[in-house]
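J.: Build me a model from this:
(2 chains)
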Amino acid sequence: MFVLLRQLHSDRKTAGIARPARRLSLAVRHVDAGSCNACEHELGATANLFYDLSRHGITITASPRHADVLLITGAITSRMVIPLLSAYQAMPEPRLVAALGDCAMGLGVLGDHRDLAGPLEHLLPVDVRIPGCPPTPEQILDALASSGLAGRATTLR
Amino acid sequence: MGLVTKSAPQNPGTTLVQTTPSSWREAHDSAIHSGGRFRGLYAVGPDEARCSDRAGRDETGTTIRSVFSFGDQVKVLSARAVPGRSGELRGAGASLAGASAAPAGASVTGASGSGWTFPSIVDILPAAAWDEREAHDLYGVDFAGHVPMRPLISHSDCLKSWTVPVVGAGTHQVAVGPIHAGVIESGHFRFHVVGERVLHLDLRLFYNHRGLERAAVGAPLDTGLAIVQRACGACAVSNTLAFAQACEEVLGLWPDAALKTQRTVLVELERLYNHLNDIGAICAGIGFAPGTMAFAALKERAQRLIGRLTGHRFMFGTIQIAKGAFCLAGGERREARQELRSIGEDSMRSWREVLFNTSVQNRVTAVGVLDASSAARFGTVGPAARASGIPADTRSESPRLDYRELQPPSPVDPTGDVAARMALRAAELETTLALLDTLLRCDLHDATAGAVAEGSPVGVGVVEGPRGATTCIVESDGTTIQRLHLRTASYANWPAVAHATAGNLLPDFPLVNKSFELCYACSDR
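T.: This next block holds a predicted model:
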């Protein structure tokens, strides 16, 4: 295990990522509403030591009940509409909605209209849009960390 | 060039065998007994919009097809039910035994004699259980003898309609999902438990069902490529490659040596980052953070390299029909080879730390056991099957790819538990890296596929992806898609996850699940 810890320490040093200046926290709840899994992989990658999401005070929460942002991926399938709206309902006010990836933004969606209920804009008020297919971890991180989301969540509160 | 002559076939590989509903079961019996591996069953139009009109559908009748592979040859069994003639199959289904989808002893009902009823094959081929349920849900096909016919893709509010009744003192249900606590795809699990012990697990997936197959009907072949690519990000190369190979078979084309090589490199790069991800995910399943972070970092390095080489971190757009534009030459190729060697050394060092950590090994041994007979019965594919001792690696029977230099991975004790699946991935990482090192000795060039045969109306591509054999079936007139069916390794393996979970502790489910690490999107489509 010490070998692993030493390796991680050196990787972290060579990655050379900066310490952020701003110190506001942001709790994010992710909902996959019909994604191809690529956005999930990239969102998951923001937690690795090359990006280290948590240094920006951003956490992925287990429940929407203590989330500031609902981060939604996918083309919004008809089978995910009710779970998605329930998650939104469960969030405390003020709450923000972020569309992660082109599908969630309703761009170039492939599929059968009978199985899709999107775009997201028709269902929920979207505050932040993160384009890309999928967006890279840097883009996701930039959007979450520097779009003033944390500030907005705080001022709204 | 020796391989080209050896493997360029007289016949591109797929034979369509016409049968009838009454000989459907015998045809399957003989395919199974002559060593065929089941690769999927699907219905061919008309779809549900017309199924709702009962009168209309009885007039048209429908066709179902079943795919078996025999080494590099594929046989597609086809049967058409004609209205008024299928009454003869009454009683053909006999009783069901051993199929997990239906309790033993269920009797034949529902042989209505309409043009939409076929005898079920789940008793002789339990691996087809999900396929029959899908054909029932999406295309309105009835299977006589498949009782109860539980909904798979249709989501019913009636809990009893899709769960197995589990009763007795102290039994209760635990519902999880479709939204999970982590960054995970959507899917619902219903555990029947006593205390912490799981007695049975019912899966309700298909929350991500986007109707991709139906969207492909009538689309040009190239649009099909985009559709199949969106089926799953993490298996984009394997899925699109299976689709491209199926299309090439429809068009009567055969890849040249350069195309074989570059596609093999792409699919092995996909296996590399997925296996690194999966070992990290198993570490996450037991809360071993140093392992999780080490393998997440290795996966990131692999994906950064892939992004530099192909322009996309998931290799979207790299597979095309009948051509390939993934070129790699000179210094760039040498650097890639160097970085792959470095990733290999670091991952083997990290793996040794995981392997020789007693707390990790304590948590993964004898958990989530899938024995060889169950794995065979469920038609399990890929690392999950190999960790249970089933030799299921279609790479050795892929003449459309370049696996001449494939060395078999070092043997792993096939105990079928989480430890075996994890160790097998580590062993395969070494094989994949060695193969990539060999393939990247030479530059990769622009490549094409050349005409070798007449086109065929049905093409089948089978590709060994990171999670196992993925099958793509394309029925086409050569320009537009008439039917597209994608049966991914995840789809084939989900029933085995439910089976391997039963008897374990509920808190061990994430670990068992991650040891299979299946995609939801790929199976939901």
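
J.: where do the strands sit along the stretch 201-350 of chain B?
T.: With strands called from DSSP state E, counting those that start in this stretch, the stretch 201-350 of chain B shows them at B:253-255, B:323-324.

J.: and the last one, what other elements does it pack with?
T.: In other words, strand B:323-324. Under the contact definition 3 or more CB pairs under 8 Å, 6 or more residues apart in numbering or on different chains; DSSP states H and E, strand B:323-324 sits against helix B:257-285, strand B:447-451. Backbone N, C-alpha and C define where each C-beta goes, glycine included.

J.: could I get the strands of the stretch 201-350 of chain B as JSON lines with mean pLDDT, mean neighbour count and distance to B:Asp157?
T.: Below are the strands of the stretch 201-350 of chain B laid out as JSON lines (pLDDT from 0 to 100; neighbours: other CB atoms under 10 Å in any protein chain shown; distance: least, CB to CB, whole Å):
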{"stretch": "strand B:253-255", "mean pLDDT": "90", "mean neighbour count": "25", "distance to B:Asp157": "48"}
{"stretch": "strand B:323-324", "mean pLDDT": "88", "mean neighbour count": "20", "distance to B:Asp157": "48"}
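
J.: quick one: which of those strands is nearest B:Asn239?
T.: In this view, these are compared for proximity to B:Asn239 by CB to CB, and strand B:323-324 is the closest at 16.2 Å.

J.: gap between the closest one and the chain center?
T.: Offset of strand B:323-324 from its chain centre (CA atoms, centre = their mean, to the nearest Å): 24 Å.

J.: residues making contact with it?
T.: Applying CB atoms under 8 Å, 6 or more residues apart in numbering or on different chains, the set of residues contacting strand B:323-324 from outside is B:Pro255, B:Ala258, B:Leu259, B:Gln262, B:Arg263, B:Thr318, B:Asp446, B:Ala447, B:Thr448, B:Ala449.

J.: List only those of those flagged as buried.
T.: B:Pro255, B:Ala258, B:Leu259, B:Gln262, B:Arg263, B:Thr318, B:Ala447, B:Ala449 (16 or more other CB atoms under 10 Å in any protein chain shown).

J.: Report the contact partners of the fourth one.
T.: What that stands for is B:Gln262. For B:Gln262, the set of contacting residues under the criterion of CB under 8 Å, 6+ apart consists of B:Gly324, B:Phe326, B:Cys327, B:Leu328, B:Leu444, B:His445, B:Ala447.

J.: For the first one, which residues count as its bridge partners?
T.: Under the criterion DSSP bridges, B:Gly324 forms beta bridges with B:Ala447.

J.: follow-up on the earlier one: mean pLDDT for the helices and strands packed on strand B:323-324: which is lowest?
T.: In terms of mean pLDDT, the lowest-scoring of the helices and strands packed on strand B:323-324 is strand B:447-451 (a mean of 86).

J.: pLDDT (mean, whole number) over whichever helix in chain A runs longest?
T.: Counting by DSSP state H, the longest helix found in chain A is helix A:2-15. Per-residue confidence for helix A:2-15 averages out to 84 on the pLDDT scale.

J.: still on that earlier bit, TSV for the helices and strands packed on strand B:323-324, including distance to B:Phe206?
T.: Converted to TSV, these look like this (distance: least, CB to CB, whole Å):
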stretch	distance to B:Phe206
helix B:257-285	22
strand B:447-451	34
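
J.: hey, which of these is tucked in deepest?
T.: Of the helices and strands packed on strand B:323-324, the one with the most neighbours on average (mean count of other CB atoms under 10 Å in any protein chain shown) is helix B:257-285, at a mean of 25.

J.: Let me have the strands of the stretch 201-350 of chain B in TSV, extended by distance to B:Leu77.
T.: Putting the strands of the stretch 201-350 of chain B into TSV (distance: least, CB to CB, whole Å) gives the following:
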stretch	distance to B:Leu77
strand B:253-255	25
strand B:323-324	32
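
J.: So for B:Asp137, which of the ones you listed sits nearest?
T.: Using CB to CB as the measure, strand B:253-255 is the one of these that comes nearest B:Asp137, at 34.5 Å.

J.: what pairs with that closest one, and is each one parallel or antiparallel?
T.: Listed by DSSP bridges, the sheet partners of strand B:253-255 and their directions read strand B:447-451 (antiparallel).

J.: hang on, the earlier thing: among the contacts of B:Gln262, name the ones in helices.
T.: When DSSP H defines the helices, the subset of the contacts of B:Gln262 inside them is empty.

J.: And the residue of the stretch 351-500 of chain B closest to chain A?
T.: B:Glu353 (4.8 Å; CB to the nearest CB).

J.: Which secondary structure element is home to that residue?
T.: Using DSSP states H and E, B:Glu353 sits in helix B:330-355.

J.: What's the first helix or strand after that helix?
T.: Defined by DSSP H and E, the subsequent element after helix B:330-355 is helix B:358-364.

J.: So for the helix or strand following that following helix, what gets flagged as buried?
T.: Beyond helix B:358-364 in the direction of the C-terminus, DSSP H and E gives the next helix or strand as helix B:372-377. Neighbour counts using 16+ other CB under 10 Å place B:Ser374, B:Ala375, B:Ala376, B:Arg377 of helix B:372-377 among the buried residues.

J.: Over to stretch B:403-419?
T.: Buried residues in stretch B:403-419, defined by neighbour count with 16+ other CB under 10 Å: B:Tyr403, B:Leu406, B:Pro409, B:Val412, B:Pro414, B:Thr415, B:Gly416, B:Asp417, B:Val418, B:Ala419.

J.: Tell me the pLDDT of the fourth one.
T.: Reading off the confidence values, B:Val412 has pLDDT 83.

J.: Quickly find the element holding it.
T.: When secondary structure is defined using DSSP H and E, no element contains B:Val412, which sits outside every helix and strand.

J.: What residues does it make contact with?
T.: With contact taken as CB under 8 Å, 6+ apart, B:Val412 is in contact with B:Arg386, B:Ala387, B:Ala420, B:Ala423, B:Leu424, B:Ala427.

J.: Type out the PyMOL command that picks the buried ones from those residues.
T.: What follows is the PyMOL syntax selecting those of the contacts of B:Val412 that are buried according to 16+ other CB under 10 Å:
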select buried, chain B and resi 386+387+420+423+424+427
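
J.: pLDDT added to the contacts of B:Val412, as JSON lines?
T.: Shown next, in JSON lines, are these (pLDDT from 0 to 100):
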{"residue": "B:Arg386", "pLDDT": "91"}
{"residue": "B:Ala387", "pLDDT": "92"}
{"residue": "B:Ala420", "pLDDT": "93"}
{"residue": "B:Ala423", "pLDDT": "93"}
{"residue": "B:Leu424", "pLDDT": "93"}
{"residue": "B:Ala427", "pLDDT": "93"}
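
J.: returning to that earlier point: for A:Val3, which of the strands of the stretch 201-350 of chain B is the nearest?
T.: With CB to CB as the criterion, A:Val3 lies closest to strand B:323-324 of those, at 40.0 Å.

J.: Make TSV from the buried ones among the contacts of strand B:323-324 and add distance to B:Gly280 to it.
T.: Shown next, in TSV, are these (distance: CB to CB, whole Å):
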residue	distance to B:Gly280
B:Pro255	33
B:Ala258	34
B:Leu259	32
B:Gln262	28
B:Arg263	26
B:Thr318	24
B:Ala447	33
B:Ala449	36
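
J.: Need the max-distance pair from these.
T.: Checking these against each other with CB to CB, the farthest-apart pair comes out as B:Thr318 and B:Ala449, at 15.3 Å.

J.: Now, the buried residues of stretch B:403-419 that are in helices?
T.: When helices are assigned by DSSP H, the members of the buried residues of stretch B:403-419 inside them are B:Val418, B:Ala419.

J.: Could I get the buried residue list for stretch B:290-305?
T.: Residues of stretch B:290-305 classed as buried under the neighbour-count rule (16+ other CB under 10 Å) are B:290-303, B:305.
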